[in-house]
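> With the input below, show me the fold.
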Amino acid sequence: MKREKVAPVQVYRWEDQAARETPDLLVVEEPLEIRVGYGPADQRQQRSVSITMRTPGHDLELAVGFLYAEGILQQRSDLMSVDYCANVEREEEVGNVVKAEIAPGVEMDLDRLERHFYTTSSCGVCGKASLEAVAVQSCPVLRPDGPQVPAALLATLPQRARAAQTVFRHTGGIHAASLFSAAGEPVAIYEDVGRHNAFDKLIGARWLQGEVPLSAHIALASGRLSFELVQKTLRAGIPILVAVGAPSSLAVDLAREFGQTLVGFVRDQRLNVYTHADRILFS
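Here you go, the predicted model:
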């Protein structure tokens, strides 16, 4: 379902000691409700499990990525279908409600999803402050082998990703989750006003295509590295996670524990490697 990703506005731009009225573009932020249908074929139930503020586009992938990251979906047969809800109460909900039909027999730990019932576009874990408090048990400990990547190549990734960020080019106000091969070739990029939404879209799309785990890839975040971004990429088996911003202490703790190489402050031909530096070639 097509919804606009940018919205036109009029602004007063002050420049060179003078103000003038001029058109501008803003990134769209709207709520997306994710519902699940579950239970035996003759006793199906429906429940809303998340409301997130996101930029429209790739909503079905976002929903699938979210459910996969939370451990509801394990294998492709767990998902019967995912689509926009036709039966909504208000007109503004059209195109803003997605329902995933979960296969009978899939265990649903819905209480664990309550922390996500409402999240802002910038919020991920939302107050959870320890490894035990968030469901990380479904994250694999990554193998110590896998790709070894030159630091000089990692330093080029933000520029390569920026070239494909169409909405950012128009608005300057959106995050991106990018996937690269170990050789630095771009594989996919998804934009959203929320960092965690962008990664849900990215991982959900690859999961639907049967390409998870992504054990030979590099992921790039356009902003800072939070605990939840590490959790999502670990769940997808991504061995190297890179960002232009800083990681949080909890993100570093999680990456160290589960074997992920975490790289931050990738800009101006410099970077910091926080965990598992054996995957990075420094010369």
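> The residue nearest to Ala188 when sequence neighbours are not counted and Gln269: what is the separation?
Using CB to CB, 6 or more residues apart in numbering and skipping the chain neighbours, the partner closest in space to Ala188 is Leu179 (4.7 Å). Any C-beta I mention is one placed from the backbone N, CA and C, and that applies to glycine too. Leu179 is 22 Å from Gln269, where distance means CB to CB, to the nearest Å.
> between the two, who's got more neighbours?
Ranked by neighbour count (other CB atoms under 10 Å), Leu179 and Gln269 place Leu179 first, with 25 against 9.
> Which residue ranges of the protein form strands?
Ranges of strands within the chain are 6-15, 18-27, 30-38, 45-54, 79-84, 97-102, 149-150, 175-181, 186-192, 217-221, 240-243, 261-267, 270-275, 280-281, based on DSSP state E.
> right, and those strands - which one's nearest Ala69?
strand 45-54 (10.9 Å; CB to CB).
> quick one: the closest one to strand 186-192, angle?
Here strand 45-54 runs at an angle of 90 degrees relative to strand 186-192 (axes from the mean of the first three to the mean of the last three CA atoms, to 10 degrees).
> Using CSV, write out every CA atom in strand 45-54.
The C-alpha trace of strand 45-54 is given here as CSV (Å, rounded to 0.1, in the frame of the first residue of the first chain):
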residue,chain,number,x,y,z
GLN,A,45,-7.1,-15.3,18.2
GLN,A,46,-5.8,-11.8,17.4
ARG,A,47,-3.7,-9.5,19.4
SER,A,48,-1.9,-6.2,18.9
VAL,A,49,1.7,-6.6,19.9
SER,A,50,3.4,-3.3,18.9
ILE,A,51,2.7,0.2,17.9
THR,A,52,5.8,2.0,16.5
MET,A,53,6.3,5.4,14.9
ARG,A,54,7.8,4.8,11.5
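> what's near enough to touch the closest residue to Thr22 other than its chain neighbours?
Nearest non-adjacent residue to Thr22, counting by CB to CB, 6+ apart: Arg13, 5.2 Å away. Listed by CB atoms under 8 Å, 6 or more residues apart in numbering, the contact set of Arg13 reads Ala19, Arg20, Glu21, Thr22, Asp24.
> now Leu241
Here Leu241 is in contact with Ile218, Ala219, Ala221, Leu225, Leu229, Val230, Thr233, Ala255, Gln260, Thr261, Leu262, Val263 (CB under 8 Å, 6+ apart).
> which residues does the second one bridge with?
Taking DSSP bridges, one finds Leu179, Leu241 as the beta-bridge partners of Ala219.
> That one: neighbour count?
Neighbours around Ala219, by other CB under 10 Å: 26.
> That one contacts Ile240, correct?
Yes. At 7.2 Å, Ala219 counts as touching Ile240 under the criterion of CB atoms under 8 Å.
> how about low-confidence regions in this structure?
Within the chain, the stretches with pLDDT under 70 are 1-2, 14, 19, 92, 111-138, 165, 167-173.
> let's see 80
Flagging of the chain using pLDDT under 80 yields the residue ranges 1-3, 9, 11-19, 24, 26-27, 87-94, 109-140, 163-174.
> can you point me to the longest helix in it?
Longest helix in the chain, counting residues (DSSP state H): helix 195-208.
> Packing partners of that one?
strand 45-54, helix 59-69, strand 175-181, strand 186-192, strand 217-221, helix 227-235 (3 or more CB pairs under 8 Å, 6 or more residues apart in numbering; DSSP states H and E).
> could these go into TSV alongside distance to Gly245?
TSV is the format used below for those (distance: least, CB to CB, whole Å):
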stretch	distance to Gly245
strand 45-54	20
helix 59-69	20
strand 175-181	10
strand 186-192	16
strand 217-221	7
helix 227-235	11
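> closest one to Ala246 among those?
strand 217-221 (10.9 Å).
> Could you figure out how far the closest one is turned away from helix 195-208?
Using the same axes, to 10 degrees: strand 217-221 against helix 195-208 is 150 degrees.
> Need the contact partners of strand 217-221.
147, 149, 154, 157-158, 161, 175-182, 184, 187, 195, 199, 202, 229, 233, 238-245, 266.
> From those residues, keep the buried residues only.
Among those, those buried by neighbour count (16 or more other CB atoms under 10 Å) are 149, 154, 157-158, 161, 175-180, 182, 195, 199, 202, 229, 233, 238-244, 266.
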